[in-house]
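Visitor: fold the following and give me the result.
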Amino acid sequence: TDTAQVTPSEITGALMAEALKHGATYVHDAVTGVVTEDEGTEDKSSVVRGVRTKHNGVIKADKVVVAMGPWSTKVQDWLAVRIPITGVYSSSFVYSADQNPDIGERVRREPRALFCSEDSFGSHLEVYPRSNGDVYVCGCGGSRYVSEEELRQDVVKPGEETADATRISMADKSFKMLAPKIAKGRSPDVIQACMRPCPPDALPLIGKLPACENIYIAAGHNCWGILWGPVTGKLMSELILDGGETSINLQAFDPARFGGRETVEAKVKRGRHQGENSVGEQW
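Guide: Purely as a prediction, here's the structure:
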């Protein structure tokens, strides 16, 4: 079709399959920390020797990339490096082409995305046609914020995000008025939620973490993780494999911009760093 929209699970699955084909190993586990070794250098930097996992012990590593979405803020406790990320809950739903083949065909022929202003239902719908004729709808409004402290404490764990039923209902009412031929007389075929990773300055964190010689981070892309994922992967490969020269200047995304290594006193006094700033909804 003429749409550039992708389905997240399909593209990530395809990328993983290609990586496995080229010799990568996939381990499904929860990382609980990193193993470091003091190099004894004047700047007191350390080197990471591996990652601790819940079920597979320590996995040794020469290089480590932290790419855990909003839960990347856990690195702050592991290495005392300031990584402020707020999680923003976002609910969404899908109308499947399988349940209405005629409409699905029309969607495939005219894949027009819609971006709506806030409506009387408290939604600001974003409507994305997919190449298979499905219609994905987000912008349900009323996103809940999860603080970095809550993320580090696993108040919400990866994969346990749940949709806000009230916001789904209101957004669906709005969508039925917008596209009755797709949604009238039907309920969404898929109802879901995600947790968007939002740094306080609305810029992702891409680069080497301060105070450690061989650990990097690629996180904080908000809702554009799928769009920016491939180029971020390219940049990380350049940093790690090509001697640090990258295709673009990464200064704006330097994770050290939030203060770098923390002192013990700073960790004790640490609180919410968002202040009165709202993040997420209008990015």
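Visitor: from here on, contacts and neighbour counts on C-alpha atoms
Guide: Will do.
Visitor: now for the closest residue to Asp38 other than its chain neighbours, how many residues are close by?
Guide: Distances taken as CA to CA, 6 or more residues apart in numbering place Ser46 nearest to Asp38, at 4.5 Å, with adjacent residues excluded. Ser46: 20 surrounding residues under other CA atoms under 10 Å.
Visitor: so what's the residue most central in space within the chain up against?
Guide: Among the residues of the chain, the one closest to the centroid is Gly69, at 4.1 Å (CA atoms, centre = their mean). Listed by CA atoms under 8 Å, 6 or more residues apart in numbering, the contact set of Gly69 reads 196-197, 219-221.
Visitor: in strands only, show me the residues you listed.
Guide: When DSSP state E is applied, the contacts of Gly69 are split such that 196-197, 219 fall in strands.
Visitor: lowest-confidence helix or strand of the chain?
Guide: When each helix and strand of the chain is scored by mean pLDDT, DSSP states H and E, helix 264-269 comes last, with a mean of 41.
Visitor: need the helices for the stretch 151-283 of the chain, in chain order.
Guide: 165-178, 180-183, 225-241, 264-269 (DSSP state H, counting those that start in this stretch).
Visitor: looking at these, spot the one closest to Met16.
Guide: With CA to CA as the measure, helix 225-241 is the member of those nearest Met16 (12.2 Å).
Visitor: mind showing which ranges of this protein have poor pLDDT?
Guide: Applying pLDDT under 70 to the chain flags the ranges 1-2, 39-45, 262-283.
Visitor: neighbours of Tyr216, just the number please.
Guide: 22.
Visitor: what's the answer for Glu238, then?
Guide: Look at Glu238: counted by other CA under 10 Å, it has 15 neighbours.
Visitor: which ones are touching it?
Guide: Listed by CA under 8 Å, 6+ apart, the contact partners of Glu238 are 244-247.
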